[in-house]
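Asker: Here is my input; please provide its structure:
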Amino acid sequence: MAFEPKPKRPVKEIKYSETRLYTDADLKNYTEEELKNFKCKHPIPDVEELEKGPWPSFVSDAKRNALHRKKLGQDKLMIDVEVTEDLLGLLQQSFDDGETHWKHGGIVGVMGYGGGVIGRYSDLAEKYPAVAHFHTIRVNQPASKFYNTDFLRTICDLWEYRGSGLMNLHGSTGDLIFLGTFTEQLEPIFFELTHVLDQDLGGSGSNLRTPECCLGKARCEFALYDTQEMCYEMTNYYQDELHRPAFPYKFKFKFDGCPNGCVASIARADLSFIGTWRDDIRIDQEAVKAYIAGDFTPNAGALAGRDWGKFDIQKEVIDLCPSKCMAMVNGKLVINNKECVRCMHCINTMPRALRPGTDTGISLLCGAKAPILEGAQLSTLIVPFMKAEPPYDNIKEIIEKIFEWWMEEGKNRERVGELIQRVGLPKFLEVLELPAAPQFVKAPRSNPYIFWKEEDVAGGWKRDINEYRQRHKR
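Answerer: Purely as a prediction, here's the structure:
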């Protein structure tokens with residue numbers, strides 16, 4: 001059955017024939033010969049070194065954009081026609097001086113939205129006036145990054161007209177990134193995004209960043225909950241946290257449909273939602289035999305192209321199981337599901353023989369981040385399993401406890417994972433009113449000391465020394 005999205009309100013249909021700003025002749029207005037002879041108005045010898053080598057270069061793309069804008073002419077553009085050339089010149093200047101010439105301008109607000117625009121200003125505005133302002137705008141991507149060419153063409157025309165024409169698809173949080181425009185263009189861009197394209201800005205600053213999800217049930221057979229539905233719901237439900245920065249620092253939601261982790265939530269999200277199951281892995285023993293016999297190709301053919309030899313289930317599946325919970329017994333594959341850590345390796349290797357269980361939900365993990373103030377962290381498991389069904393009230397209850405505690409206890413620019421590291425996981429679990437569980441422990445502790453609370457110690461702190469000596473005579 002074809003995938004049909006289930007919008008909660010009518011979705012505006014974008015037709016490029018109605019929204020386009022430029023003709024085909026405008027968009028294809030230079031020849032390859034003209035590009036070959038194009039010279040930037042600034043000498044950029046070090047920058048042009050980046051064009052050499054086997055890989056595509058952003059410098060070559062920037063030159064194409066510079067020539068294209070020059071041929072379009074200033075009357076068809078709202079910011080300086082030479083913005084890309086001044087950008088390349090400023091980059092060369094940074095190479096020459098050994099330091100950046102960008103000043104971070106904080107967050108530049110637009111009416112009704114406190115986040116979303118990243119301020120950028122040059123400290124060499126007189127020499128490079130076209131990049132005196134170079135604000136970056138995040139645009140909230142559609143769930144799973146599904147969009148059509150009408151949408152893309154319209155959004156590219158808008159940015160060509162009111163910005164530099166340079167874009168980044170996609171940022172690490174998934175947003176469509178508009179690179180470089182002047183302050184005067186921000187309100188018109190925001191108006192056109194919301195009123196013409198039916199699109200919102202993405203999160204920037206100390207707020208909830210744009211939630212991101214994998215393809216989910218739209219295209220993936222392994223998705224264990226509806227990532228798109230949940231991402232859409234959380235994006236809309238937490239609009240105030242997205243639009244008005246009120247946190248100590250940034251906070252990211254990322255939704256992985258299964259433990260394969262296609263959006264790497266465990267490495268990048270302050271709150272990771274990872275699809276999982278709590279019953280047994282389903283086994284088709286006949287398909288297992290077919291893999292062993294060589295009738296089915298392992299890894300669904302992903303490793304084709306080389307002769308890897310005959311498939312060896314012991315070597316390629318059983319011995320690679322991290323919790324050693326698998327074995328072949330009397331010609332049948334046996335799994336000790338209580339020991340399974342949901343790594344997905346066996347399922348990925350033999351997808352026709354093994355399937356996740358049917359009692360599905362999510363694992364909730366907290367605290368991943370990149371190395372800014374402290375080192376990089378992976379998120380920590382806080383709920384091994386919970387159901388993920390609309391309206392997700394069970395999940396929202398935990399989210400709001402985290403937000404409230406972090407806003408009260410977090411230092412400025414301290415991610416929630418750093419706060420957990422600073423005060424300790426027991427305190428965090430206490431705040432969430434969650435019991436400690438064996439799944440939280442990666443390895444036995446090396447510190448021999450445990451600091452107990454009085455109410456956790458039988459009899460409390462006060463002891464009768466005489467009673468103690470009756471039991472422990474000298």
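
Asker: before we move on, what SS does Pro188 have?
Answerer: Three-state call for Pro188 (DSSP: H, G, I helix; E, B strand; the rest coil): helix.

Asker: residues touching Leu21, list them.
Answerer: Applying CB atoms under 8 Å, 6 or more residues apart in numbering, we find Leu21 in contact with Asp157, Leu158, Glu160, Tyr161. Quick note: C-beta positions are derived from backbone N, CA and C, even for glycine.

Asker: how about 7 Å then?
Answerer: By CB atoms under 7 Å, 6 or more residues apart in numbering, Leu21 lies in contact with Asp157, Tyr161.

Asker: Is it correct that it falls within a strand?
Answerer: No. Going by three-state DSSP, the assignment for Leu21 is coil, not a strand.

Asker: any idea of the pLDDT on it?
Answerer: pLDDT for Leu21: 96.

Asker: Glu184 versus that one, what's the distance?
Answerer: To Glu184, Leu21 is 18 Å away according to CB to CB, to the nearest Å.

Asker: and what of Arg120?
Answerer: 15 Å.

Asker: Comparing the two, which shows the higher neighbour count?
Answerer: With neighbours defined as other CB atoms under 10 Å, Arg120 and Glu184 compare such that Arg120 has more, 20 against 11.

Asker: neighbours around the closest residue to the more buried one other than its chain neighbours, how many?
Answerer: Among residues not flanking Arg120 along the chain, Phe134 sits closest, at 4.3 Å (CB to CB, 6 or more residues apart in numbering). Neighbour count of Phe134, defined by other CB under 10 Å: 26.

Asker: Can you list the low-confidence ranges for this protein?
Answerer: Applying pLDDT under 70 to the chain flags residues 1-8.

Asker: Closest to the centroid, which residue in it?
Answerer: A centroid search over the chain (CA atoms, centre = their mean) returns Thr173, at 3.9 Å, as the residue closest to the centre.

Asker: Let me see the ranges of the helices in the stretch 51-200 of the chain.
Answerer: Here the stretch 51-200 of the chain has its helices, by DSSP state H, counting those that start in this stretch, at 58-72, 83-97, 149-162, 186-195.

Asker: Could you list the buried residues of the last one?
Answerer: So that's helix 186-195. Residues of helix 186-195 classed as buried by neighbour count (16 or more other CB atoms under 10 Å): Leu186, Ile189, Phe190, Glu192, Leu193.

Asker: The first one against Val108, yeah?
Answerer: Yes. Using CB atoms under 7 Å, Leu186 makes contact with Val108 at a distance of 6.3 Å.

Asker: So for the two, which residues contact both of them?
Answerer: Common neighbours of Leu186 and Val108 (CB under 7 Å, 6+ apart) are Val117, His135.

Asker: Now for Lys401: which residues touch it?
Answerer: Val431, Leu432 are the contacts of Lys401 under CB under 7 Å, 6+ apart.

Asker: and it, that's in a helix?
Answerer: Yes. Applying three-state DSSP, one finds Lys401 inside a helix.

Asker: Now do the phi/psi pair for Trp277.
Answerer: Here is the backbone geometry of Trp277 (degrees, to the nearest 10): phi -140, psi 160.

Asker: what separates Glu13 from Pro142, distance-wise?
Answerer: When Glu13 is compared with Pro142 (using CB to CB), they lie 13 Å apart.

Asker: Compare those two (neighbour count), which wins?
Answerer: Pro142 (17 against 10).

Asker: Mind jotting down where the helices sit in the stretch 351-474 of the chain?
Answerer: Along the stretch 351-474 of the chain, the stretches classed as helices by DSSP H, counting those that start in this stretch are 393-409, 416-423, 425-432, 465-471.

Asker: okay, the ones you listed, which one's buried deepest?
Answerer: A comparison of the helices of the stretch 351-474 of the chain by mean neighbour count, using mean count of other CB atoms under 10 Å, puts helix 416-423 on top with a mean of 20.

Asker: And for it, what's in contact with it?
Answerer: Helix 416-423 is contacted from outside by 251, 270, 366-369, 373-374, 377, 380, 402, 406, 409-410, 428, using CB under 7 Å, 6+ apart.

Asker: Let's see that with 8 Å instead.
Answerer: Applying CB under 8 Å, 6+ apart, the external contacts of helix 416-423 come out as 251, 270, 366-369, 373-374, 377, 379-380, 402, 406, 409-411, 414, 428.

Asker: Just the strands from the stretch 201-350 of the chain, written as ranges.
Answerer: Ranges of strands in the stretch 201-350 of the chain, per DSSP state E, counting those that start in this stretch, are 212-213, 253-256, 271-277, 282-283, 326-329, 332-335.

Asker: just the angle between the third one and helix 416-423, please?
Answerer: Between strand 271-277 and helix 416-423, the angle comes out at 100 degrees (axes from the mean of the first three to the mean of the last three CA atoms, to 10 degrees).

Asker: State the paired neighbours of strand 271-277 in the sheet, together with their directions.
Answerer: Counting by DSSP bridges, the strands paired with strand 271-277 are strand 253-256 (parallel), strand 360-366 (antiparallel).
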